[in-house]
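Participant: Build me a model from this:
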Amino acid sequence: MLVSVSLLLMIASLVTLHTGRVKSLEHKILLNTQNQAQSAATALGGLAHGMSRIQVDSGWLGQEHTIVLDNNLRAKVWADFHQVPRNNMNLHWATVYASGESADEQSHHHVSEQVLRYPFLNTVPSAPLISAIELSSNLPFILGANPNGGGQGVPVSVWTDKPIPNIDVDSRTCSLQLFDESRCAFDMYSTHSQLGSDLLKEHSAFPGDVLSYLFNIPMNDWRILKSEVSLIASDCDEATVTGQRVIWVQGECALNVGQHIGSDSAPVILVLANSALLMPADSRIFGLVVFLSTLNPAPEKRIAMAASAQLNGALVLLSPIEVAMSQLSVRYHASVLARLHLDADMQRLGKVSGSWRDF
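Facilitator: Numbers count the residues shown, from 1 in each chain. Sure thing, here's the model as predicted:
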């Protein structure tokens with residue numbers, strides 16, 4: 001009897017010991033799994049931080065630094081920067097690395113991904129007026145030409161793949177100096193009676209898709225362009241658009257007298273979607289205005305600029321104009337357009353497909 005009791009006690013002890021070891025092992029497995037998930041999430045958070053820093057901090061050279069996330073989790077982040085030539089300029093791409101660790105520092109996880117930093121405006125317009133529509137001979141305009149649009153010392157005022165049989169009797173193009181001095185009528189490149197070589201008509205190099213040429217986004221994918229702007233507005237109210245760089249307007253863009261949108265140092269990209277543009281006396285826009293329609297058929301909209309109003313930069317016409325109500329005054333401004341191409345806050349990030357790596 002005593003022997004039986006002893007055996008039963010021994011068996012119970014062994015079972016208890018085995019159960020304790022199993023529970024301890026399960027606890028360790030659960031803790032390791034939790035730590036692994038924690039360190040992986042921390043590493044991904046560090047990776048996202050690194051990509052965001054590339055976007056907002058053009059001065060970051062990729063030096064390693066530590067960030068603190070929720071629950072005191074920490075990640076180390078660093079990056080290697082490179083350049084790749086494209087379209088006669090150097091684009092920047094980077095490999096971003098992140099190392100995350102669990103709260104008890106028992107688990108470490110490493111990830112990396114490559115990103116490309118590219119300008120939102122892919123190509124700087126080479127003429128004050130770029131038109132994918134046929135320009136009516138009844139559309140009055142005054143254009144200050146790009147002095148080097150066709151090469152060094154070769155001015156260009158209009159670029160289109162459509163014919164220009166004639167221009168309005170009140171239309172004229174001239175040099176930037178004469179335009180700024182309001183003396184365009186004294187020495188014109190092109191007039192109603194004499195079309196000059198500054199009007200690049202039926203041009204073979206004109207892009208088949210102007211939106212893709214400018215932004216690397218095909219016209220059929222205009223929703224992608226809309227998703228990347230900094231502001232979607234129903235009008236051009238001064239309080240609304242101030243401080244914004246890329247604005248999508250889907251209502252009438254009517255400026256106030258003397259109102260300025262953008263500036264020499266902070267020009268804008270203004271996308272007018274199914275929208276009219278009304279610029280009264282002394283109003284100014286500094287930057288690029290893209291006139292397009294998302295409707296089929298595209299309705300005619302007016303672009304009415306007072307004699308003292310002015311667009312400094314370039315105008316791109318992708319949809320028809322209500323000619324009877326329109327008048328254009330555009331001065332080509334190379335430095336304004338260059339800023340739209342090169343400014344740090346006009347750059348975008350794109351992840352390189354297939355580059356994500358989990359070490």
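Participant: Just give me the residue closest to the centre of the chain.
Facilitator: With distances taken as CA atoms, centre = their mean, residue 120 lies nearest the centre of the chain, 3.2 Å away.
Participant: Identify the residues contacting that one.
Facilitator: 215, 228, 246, 269, 340, 346-348 (CB atoms under 8 Å, 6 or more residues apart in numbering). Backbone N, C-alpha and C define where each C-beta goes, glycine included.
Participant: change it to 7 Å
Facilitator: 215, 228, 246, 346-348 (CB atoms under 7 Å, 6 or more residues apart in numbering).
Participant: got any ranges where this structure has weak pLDDT?
Facilitator: Residue ranges of the chain with pLDDT under 70: 1-9, 11-32, 86-90.
Participant: 80 instead?
Facilitator: For the chain, the stretches flagged by pLDDT under 80 are 1-35, 56, 58-59, 70-72, 83-92, 103-106, 359.
Participant: roughly how far apart are the residue nearest to the centre of the chain and residue 296?
Facilitator: Separation of residue 120 from residue 296 (CB to CB, to the nearest Å): 26 Å.
Participant: do the same with residue 252
Facilitator: Residue 252 is 21 Å from residue 296, by CB to CB.
Participant: Those two: which has the busier surroundings?
Facilitator: Neighbour count, other CB atoms under 10 Å: between residue 252 and residue 296, residue 252 has more, with 16 against 5.
Participant: which residues sit in contact with that one?
Facilitator: 235, 275-276, 278.
Participant: next one: residue 247
Facilitator: Contacts for residue 247 (CB under 7 Å, 6+ apart) come out as 229, 231, 233, 241, 268, 270-271.
Participant: who wins for neighbours among those?
Facilitator: For those, neighbours tallied by other CB under 10 Å; top is residue 270, 30 neighbours.
Participant: Which strand or helix spans that one?
Facilitator: strand 268-273 (DSSP states H and E).
Participant: What is the subsequent helix or strand relative to that strand?
Facilitator: Assignment by DSSP H and E places the next element after strand 268-273 at strand 277-279.
Participant: tell me what that following strand is packed against?
Facilitator: Counting contacts by 3 or more CB pairs under 7 Å, 6 or more residues apart in numbering; DSSP states H and E, strand 277-279 packs against strand 253-254, strand 303-305.
Participant: Off-centre distance for it?
Facilitator: Between the centre of strand 277-279 and the centre of its chain there are 24 Å (CA atoms, centre = their mean, to the nearest Å).
Participant: OK, contacts around the nearest residue to residue 61 once chain neighbours are set aside?
Facilitator: Nearest residue to residue 61, sequence neighbours excluded (CB to CB, 6 or more residues apart in numbering): residue 81, at 6.8 Å. Going by CB under 7 Å, 6+ apart, residue 81 touches 61-62, 92, 94.
Participant: Looking at these, which is nearest residue 54?
Facilitator: residue 94 (6.0 Å; CB to CB).
Participant: hey, C-alpha coordinates of the helix or strand that closest one falls within in CSV?
Facilitator: Here residue 94 is covered by strand 89-101, with elements defined by DSSP H and E. Listed next in CSV are the C-alpha coordinates belonging to strand 89-101 (Å, rounded to 0.1, in the frame of the first residue of the first chain):
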residue,chain,number,x,y,z
MET,A,89,18.8,66.5,-64.4
ASN,A,90,19.8,64.4,-61.4
LEU,A,91,17.0,62.7,-59.6
HIS,A,92,17.7,61.5,-56.0
TRP,A,93,16.9,58.0,-54.8
ALA,A,94,17.6,56.5,-51.4
THR,A,95,17.7,53.2,-49.6
VAL,A,96,16.1,53.8,-46.2
TYR,A,97,17.0,51.4,-43.4
ALA,A,98,15.3,50.9,-40.0
SER,A,99,16.1,48.6,-37.1
GLY,A,100,13.5,48.1,-34.4
GLU,A,101,13.7,46.4,-31.0
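Participant: and after it, which helix or strand comes next?
Facilitator: strand 108-119.
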